[in-house]
Structure formats: C-alpha cells, structure tokens
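> structure of the sequence below:
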Amino acid sequence: MPSYETVVYSGLYEGIDLRVQGLRSHVKYEFHVAAGADYHQIAVQYEGIDGLAIAPDGSLEVNLGAGRGVIRDGAPYIYQEIDGRKVEVPGRFCLAG
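I've put the predicted structure just below:
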C-alpha cells in the first residue's frame, strides 16, 4: 500500500488548492488561495464528534466525546506574499451551523 507525505487537492474550490502534509505528531493542512479568489469558499467539517469551540488563543477545540478527550487545531496562520516577504493577515476560525 503506498503512503504519501504530502497530498495536494488542486482546485478544491475555485482558485483554492488544499495541501495536506503528514508529520510525525500531527497532520498539517494549508489552503493556498490564488490572487482574487474568494477565501469565503473555504469550509472544514467534522463528523462523529460531540462539539466544537473556539479557545481564547484562537485555536479550534474539537470535543471527540465518549471520554476520548479534546484535540486542538491551532489558530490559523494567514499571510500573503508581498515582494517576496510573508506579511501576516489577521484571521480566525468561525463556527457555522
């Protein structure tokens, strides 16, 4: 069975690609948004959980339920490249539904 360190979903949304990378201790995902693309298209859905909450530090708390604990998805780090430099852009998780 083949295994992959990185998987890229090109065109997941119009003008937006998703890159998922398996690291030793966690999975990292990145949305790459092309200039002019609408980032509002991006949505992440969890199934089989007991709830979601946004922690004071901006991370997403995923309650796994049934005594399985809570995992955290770190606060979004958002930037755009300007003249070869990463310039941070404010952003946050939003709960919907």
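> low-confidence ranges in this structure?
1-4 (pLDDT under 70).
> show me where it has its strands.
6-13, 16-22, 27-33, 51-54, 60-63, 70-73, 79-82, 85-88 (DSSP state E).
> any idea which of these gets closest to Ala43?
Among those, strand 6-13 comes nearest to Ala43, with 8.9 Å by C-beta to C-beta. C-beta coordinates here come from the backbone N, C-alpha and C atoms, glycine included.
> tell me the buried residues in that closest one?
The neighbour-count check on strand 6-13 (16 or more other C-beta atoms under 10 Å) flags Tyr13 as buried.
> returning to that earlier point: just put the strands of the chain in JSON lines and tack on distance to Leu95.
JSON lines is the format used below for the strands of the chain (distance: least, C-beta to C-beta, whole Å):
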{"stretch": "strand 6-13", "distance to Leu95": "19"}
{"stretch": "strand 16-22", "distance to Leu95": "20"}
{"stretch": "strand 27-33", "distance to Leu95": "18"}
{"stretch": "strand 51-54", "distance to Leu95": "6"}
{"stretch": "strand 60-63", "distance to Leu95": "9"}
{"stretch": "strand 70-73", "distance to Leu95": "12"}
{"stretch": "strand 79-82", "distance to Leu95": "23"}
{"stretch": "strand 85-88", "distance to Leu95": "23"}
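> among the ones you listed, which is nearest Cys94?
Nearest of the strands of the chain to Cys94, taken as C-beta to C-beta: strand 51-54 at 8.2 Å.
> quick one: residues contacting Val89.
Ile78, Tyr79, Gln80 (C-beta atoms under 8 Å, 6 or more residues apart in numbering).
> report the buried members of the residues you listed.
Buried among these by 16+ other C-beta under 10 Å: none.
> what is the nearest of the residues you listed to Pro90?
Lowest distance from Pro90 to the contacts of Val89 (C-beta to C-beta) belongs to Ile78, with 7.3 Å.
> nearest residue to that closest one other than its sequence neighbours?
With sequence-adjacent residues excluded and distances taken as C-beta to C-beta, 6 or more residues apart in numbering, Ile78 is closest to Gly91, at 3.9 Å.
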